[in-house]
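1. Quick one, fold the following:
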Amino acid sequence: MSETNFCGVERTLVIFKPDAVQRGIVGEIMSRFERVGLKIVGIKMAAPSRDHYYEHYEDIGKMVTRRGEDTFNVTLDFMMDGPVIAMVLEGVEAVPLVRKIVGPTEPKSADMGTIRGDYSHMSFGYADSCEKGVPNLIHASGDSDEAKQEIAHWFSDKELSEYSSLHEKFTR
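-> Here you go, the predicted structure:
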């Protein structure tokens, strides 16, 4: 089920960053995804190497091209600050739905009601002036192609589950 299927059902990657894990709000945030009908098909806690993050943020995400070398290095340092929880969600148009729930990357710009708007507040300007990563709690795949690459980077096929949920009765 790694590809988008006949009705727009797709998978996306979410990473609870070290700030979410250390604050103890992963369960609270996770419930937001479940409440809208997204299904958890893979989940694990990990403390990846810098090389793993390099592949995630540059080889897949092209962060250096988009945001510059300094931002890239600060982000990698931030991600190395503690364990993360990686999760694969499945549902109808999962990628844009998760992006909507999470809110924009800069917490200061995120509307209340989004994860970043409700649980974080820092601006890029402040983070840049302090040479620190933006504690924005969560990573969410940017588009369907990125989601497929990220899921393959973080999870083996054996780590992903296939099962039916009650919500699917009403959406498929």
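2. Below-threshold pLDDT in the protein: ranges please.
-> 1-6, 172 (pLDDT under 70).
3. go with 90
-> 1-8, 58, 61-75, 105-108, 120-135, 164-172 (pLDDT under 90).
4. Strands along that one, start to end?
-> Taking DSSP state E to define them, one finds strands in the chain at 9-16, 39-46, 84-92, 138-140.
5. Tell me how far the first one lies from the chain's centre.
-> The one in question is strand 9-16. 7 Å (C-alpha atoms, centre = their mean, to the nearest Å).
6. sorry, back to before: could you dump the strands of the chain to JSON lines with mean neighbour count and distance to D70?
-> Heads up, the C-betas are built off the backbone N, CA and C, glycines and all. Below are the strands of the chain laid out as JSON lines (neighbours: other C-beta atoms under 10 Å; distance: least, C-beta to C-beta, whole Å):
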{"stretch": "strand 9-16", "mean neighbour count": "24", "distance to D70": "21"}
{"stretch": "strand 39-46", "mean neighbour count": "16", "distance to D70": "26"}
{"stretch": "strand 84-92", "mean neighbour count": "23", "distance to D70": "22"}
{"stretch": "strand 138-140", "mean neighbour count": "24", "distance to D70": "19"}
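7. Now render the ones you listed as JSON lines, adding distance to D77.
-> JSON lines is the format used below for these (distance: least, C-beta to C-beta, whole Å):
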{"stretch": "strand 9-16", "distance to D77": "16"}
{"stretch": "strand 39-46", "distance to D77": "17"}
{"stretch": "strand 84-92", "distance to D77": "14"}
{"stretch": "strand 138-140", "distance to D77": "15"}
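8. So which of those strands is nearest L166?
-> Comparison of the strands of the chain against L166 by C-beta to C-beta identifies strand 39-46 as nearest, at 10.0 Å.
9. Who does that closest one pair with, and is each partner parallel or antiparallel?
-> Here strand 39-46 has these sheet partners by DSSP bridges: strand 84-92 (antiparallel).
10. Run through the residues that contact E93.
-> G8, E10 (C-beta atoms under 8 Å, 6 or more residues apart in numbering).
11. and if we set it to 10 Å?
-> T4, C7, G8, V9, E10, T12, K100, S144 (C-beta atoms under 10 Å, 6 or more residues apart in numbering).
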